[in-house]
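K.L.:
okay, here's the prediction I keep looking at, along with the sequence it came from:
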Amino acid sequence: MKKLLSLLLALTMALALAACGTPKDQTNDTPPQDPNQSQASDLDYVKGNGKMVIGYTLYAPMNYNDANGNLTGFDTELAKVICERLGVEPVFQIINWDTKEVELNAKTIDCIWNGLTINDERKANMELTQPYVKNAQVVLMKDGASYQDTSSLIGKTVVAEQGSAGEDTIKADANLKQASYIPKSVQSDCLMEVKAGTADAAILDLTLAKTMTGEGTNYADLKIMDRLGEEDYGVAFRKGSDLCAEVNKIFDELRTDGTLATLADKYGLDLAEAAQ
Amino acid sequence: MNHISVILGQLSDSFLINMKLFGVTLLFSLPLGLLISFGSMSRFLPLRWLVRTFVWMIRGTPLMLQLIIIFYGPGLLELAFGWPSGDSGRFVAAAVAFVINYACYFSEIFRGGIQSLPKGQYEAGQVLGMTKSQIFFKVTLLQLVKRIMPPVGNEVITLVKDTSLARIISVQEILMLANQYTTSGLIWPLFSIGIYFLVFVGVLTLFFGWVEQKMSYFKA
């Protein structure tokens, strides 16, 4: 009995170790082919699956649940339209924003479509579509807090979403750099921090701040104090993916036939110019 | 208000995911833990060394990291094996990580329990001509169950709360869902979910108290 058990256990352990060994061999064998392979096949890969897995976080007005608990929002509707033209089924997969690149590369999602700000770092790491919506980073504080410019926040506590454009803004601003910065895993957590008084200010997307603060919202006592730099939203695909160009083509069609403008009006967003 | 009951319903639904993860983990990690504990006591030296290294690796790294490696690893390393897409794949990956992790902790509890039994019992069993497995199942096991009950109960209660770690790979358990309500500006769900955990752990505490009482007749 015991001998049998130890044999079984030894086998399991050996297998576990073997499994650890194989990935190294694989990557050693095929380094030059791998990138080309994924380049050539991403569109086919998604079409072959018959579905595109869209990574998102709940984030009004881009992707959020309506009163009945159904997922809606600008990006949700737009993604549905584009998937329909691609001939694939959209599958919305909720993700953590700070592991979005890992999800993309691990193929657990096929694209990040969630008000993603276009910047150089992301352009280098992922395949980004043309800009489709305009955004800005804003300083959000409690109504009545004293604020002149970012120098008012030196030594104060500032929150932003980890890995977000807001975080980049803080790191790039000479004054905000001197604030004590606390990263959060979701943008909306930042609002709660400011409301609870555990942070003095949040650096967030304009689109989100506009929808979630002001009269009639749960954050009526928060106010947009400042705009720090304009930016554009894009959709991110795996580096070298040919799916991106295909989606860009559909973006052009939607611009021409006015679908994009209608959708932007519905959610109170400004469209970005197509020129990249 | 109707709205509140809808949210409570969704919170309860997502707590079912925590409970499912809890149940699956216990179901598989307890027997696997026993197996690992035999391995870590084996007289076959390479096996013992291998198993103890494995236990060291699992107990020595954060469960959160293990979740990330187990879920994203196959895709990132382009292995032929991949988790099924969608929420079910994420759940299975989380369950695998939890089972391995908790089996290692349980194995040490089992080892402690087995080694704490007086050696005289084995010797008496051998003198009576019992085989090793007979000694284990007829002499050791029931005493073992009684002795390890308190530390196992401790570990089980920790497991209840650890299930929330699965949110790191976006398994939509209760903490992740409650946190999402803050997106729409609702803060109370996040602060109310503690009740779910308290009730569940309360029930488990009562259960373990009852089991311990039932076993008190083993007292010498």
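P.N.:
Now that the structure is in, tell me what you want to look at. Numbers count the residues shown, from 1 in each chain, chains lettered A, B, ... in the order given.
K.L.:
my read is that B:V24 contacts B:V99, right?
P.N.:
Yes - B:V24 lies in contact with B:V99 (CB atoms under 8 Å); the separation is 7.3 Å. From N, CA and C alone the C-beta is placed, and that goes for glycine too.
K.L.:
between the two, which has more neighbouring residues?
P.N.:
B:V99 (21 against 17; other CB atoms under 10 Å in any protein chain shown).
K.L.:
in a helix, the more buried one, correct?
P.N.:
Yes - assignment of B:V99 by DSSP: H, G, I helix; E, B strand; the rest coil places it within a helix.
K.L.:
show me where pLDDT drops low in chain B?
P.N.:
Across chain B, residues meeting the criterion (pLDDT under 70) sit at B:1-2, B:183-184, B:218-220.
K.L.:
where does chain A have low pLDDT?
P.N.:
Where chain A drops to pLDDT under 70, the residues are A:1-40, A:274-276.
K.L.:
that one: helices as residue ranges?
P.N.:
A:2-29, A:33-49, A:74-86, A:100-105, A:120-125, A:165-172, A:187-196, A:206-212, A:243-256, A:259-267 (DSSP state H).
K.L.:
same question, chain B
P.N.:
B:2-40, B:45-59, B:63-76, B:87-116, B:119-127, B:132-134, B:141-162, B:174-181, B:188-192, B:194-214.
K.L.:
out of those helices, which is closest to chain A?
P.N.:
Closest approach to chain A among the helices of chain B (CB to the nearest CB): helix B:63-76, 3.0 Å.
K.L.:
in the closest one, what counts as buried?
P.N.:
Across helix B:63-76, burial judged by 16 or more other CB atoms under 10 Å in any protein chain shown covers B:63, B:66-68, B:70-75.
K.L.:
what do you get for stretch B:119-126?
P.N.:
Buried residues in stretch B:119-126 (16+ other CB under 10 Å): B:122, B:125.
K.L.:
ok, which of the buried residues of helix B:63-76 also contact chain A?
P.N.:
B:68, B:71-75 (CB under 8 Å from any CB of the partner chain).
K.L.:
which one of those is nearest to B:S116?
P.N.:
Among these, B:I68 lies closest to B:S116 (CB to CB), at 36.1 Å.
K.L.:
next, count neighbours for A:V186.
P.N.:
22.
K.L.:
how much space between it and B:F38?
P.N.:
A:V186 is 44 Å from B:F38, where distance means CB to CB, to the nearest Å.
K.L.:
A:G268 now?
P.N.:
The gap separating A:G268 from B:F38 is 64 Å, by CB to CB.
K.L.:
those two: who's more crowded?
P.N.:
B:F38 (23 against 11).
K.L.:
from B:Q10, how far off is that one?
P.N.:
Taking CB to CB, one finds B:F38 at 43 Å from B:Q10.
K.L.:
out of the buried residues of helix B:63-76, which is nearest to B:F81?
P.N.:
Looking across those and measuring by CB to CB, the closest to B:F81 is B:P74, at 5.2 Å.
K.L.:
B:I135 and B:Q126 touch, don't they?
P.N.:
Yes - counting by CB under 8 Å, B:Q126 is a contact partner of B:I135 at 7.4 Å.
K.L.:
got the phi/psi numbers for B:E78?
P.N.:
phi 50, psi 40 (degrees, to the nearest 10).
K.L.:
how many neighbours does it have?
P.N.:
There are 17 residues near B:E78, going by other CB under 10 Å.
K.L.:
what of the one 5 residues further on?
P.N.:
Taking other CB under 10 Å as the neighbour definition, B:W83 ends up with a count of 22.
K.L.:
for it, give its distance to B:F71.
P.N.:
For B:W83 relative to B:F71 (CB to CB), the value is 6 Å.
K.L.:
most packed of the helices of chain B?
P.N.:
Greatest average neighbour count among those goes to helix B:174-181 (a mean of 22), per mean count of other CB atoms under 10 Å in any protein chain shown.
K.L.:
so what does that helix touch, helix or strand wise?
P.N.:
helix B:2-40, helix B:188-192 (3 or more CB pairs under 8 Å, 6 or more residues apart in numbering or on different chains; DSSP states H and E).
K.L.:
how about the ones you listed, which one is nearest A:K177?
P.N.:
For A:K177, the closest of the helices and strands packed on helix B:174-181 is helix B:188-192, at 30.5 Å, according to CB to CB.
K.L.:
now the residue in the stretch 151-276 of chain A positioned nearest to chain B: closest residue in space that isn't a chain neighbour?
P.N.:
Relative to chain B, the nearest point of the stretch 151-276 of chain A is A:N218 (2.9 Å; CB to the nearest CB). Using CB to CB, 6 or more residues apart in numbering or on different chains and skipping residues adjacent in sequence, the residue nearest A:N218 is B:G185, 2.9 Å away.
K.L.:
and the one you found, how many neighbours?
P.N.:
Using other CB under 10 Å, B:G185 has 19 neighbouring residues.
K.L.:
which ones are touching it?
P.N.:
Residues near B:G185 by CB atoms under 8 Å, 6 or more residues apart in numbering or on different chains: A:188, A:191, A:212, A:217-219.
K.L.:
again, but for A:A172
P.N.:
Counting by CB under 8 Å, 6+ apart, A:A172 has no contacts.
K.L.:
do B:S116 as well
P.N.:
B:R147.
K.L.:
close to chain A, is stretch B:38-53?
P.N.:
Yes - under the criterion of CB under 8 Å from any CB, chain A is reached by stretch B:38-53 at B:38-39, B:42, B:44, B:46-47, B:50-51.
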